[in-house]
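> Generate coordinates for the sequence data below:
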Amino acid sequence: MNGQVQIKLTTLALKKADCTVSELWVKYYAAGGTVSEFEVQAYLGGLLRLPPAERNILADAMNELLENSPVNIRIPRSEEDEPAETPEDSRRSLGALGSFLFTAEEAEHERLHAVTQTKLLDTPTEARFDRYTQQARDYFNVSSSIVALIDNHRMFLKSVLGPIEQNLPREITFCNATIRNAGPLIITDAQDDIRFSSNPLVTGEPYIRFYAGYPLRGPGGWTVGTLCVIDQRPRGFSAQDGRFLRKLARLVEDEINA
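You can find the predicted model right below:
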């Protein structure tokens, strides 16, 4: 039985029986199911694939819920000889949405895989990215603007305006901190920020004082890099500034995922 058919029938049955996914998951888990309620929700939403054995336990659980209802829908079982999918495959299919299911090392492995999937590392500059770094630099009136990808050891500049060195060690870059944020990283004066005041990019070239970076999401929703603006003078950052940077970041993401 095709998994999509099971999903459609289960979703319809839940609605007609006025049951919740939580009620279904309790039955499923009690019957020996091994995936979380979140993963069951993702499966029913078409975001996650489950192995046939897990789908069958879920189907049986749904049918048990329906026994005491007037709903005459029943969920068929999957063929046992369908290709099995490992729990790791299931987690991976969720992308960054399921990052909490990974260890930190596993999540970073998936993020690096997404960086590779962009096929942008070590490629020449392109006008489709340069136009956004130009807009960012002009709007913020700063010395530098970049679109950067962060791999396992360096910061690759896909687009750069200003005195920012190519292939800086990842560990010292501000962008390495930005990719770990859900939102932007704003530093109005790096000399007054204990996290960065002793950073070699602050105490030496390019003498960063102001930094505003927005994380960029690539394949699977994983953060692959940043759009950021940099200056040698401290400055403020308004709500309007934040909206503009976010808008540009979304446009850059569209190019990354094109």
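
> Let's verify Ala212: helix, strand, or coil?
Three-state assignment for Ala212 (DSSP: H, G, I helix; E, B strand; the rest coil): strand.

> domain assignment for this structure?
With domains defined by automatic domain parsing, the chain comprises 3-93, 116-256.

> Comparing those domains by mean pLDDT, which bottoms out?
Lowest mean pLDDT within the domains of the chain: domain 3-93, at a mean of 84.

> Got phi/psi on the residue in the chain sticking out farthest from the centre?
Ranked by distance from the centre of the chain (C-alpha atoms, centre = their mean), the top residue is Pro70, with 41.8 Å. Reported as degrees, to the nearest 10, the phi and psi values for Pro70 are phi -80, psi 0.

> and what of Ala177?
Backbone torsions for Ala177, taken as degrees, to the nearest 10, come to phi -80, psi -40.

> Which residues are in contact with the nearest residue to it once chain neighbours are set aside?
Nearest non-adjacent residue to Ala177, counting by C-beta to C-beta, 6 or more residues apart in numbering: Leu185, 5.7 Å away. Yep, even glycine has a C-beta here, placed from its N, CA and C like the rest. Taking C-beta atoms under 8 Å, 6 or more residues apart in numbering as the criterion, Leu185 is in contact with Phe174, Ala177, Thr178, Tyr211, Ala212, Gly213.

> so what's Leu185 bridging to?
Beta-bridge partners for Leu185, by DSSP bridges, are Gly213.

> From Ser143, how far out is it?
Distance, Leu185 to Ser143, by C-beta to C-beta, to the nearest Å: 18 Å.

> for Leu14, same thing?
Between Leu14 and Ser143 the distance, using C-beta to C-beta, works out to 56 Å.
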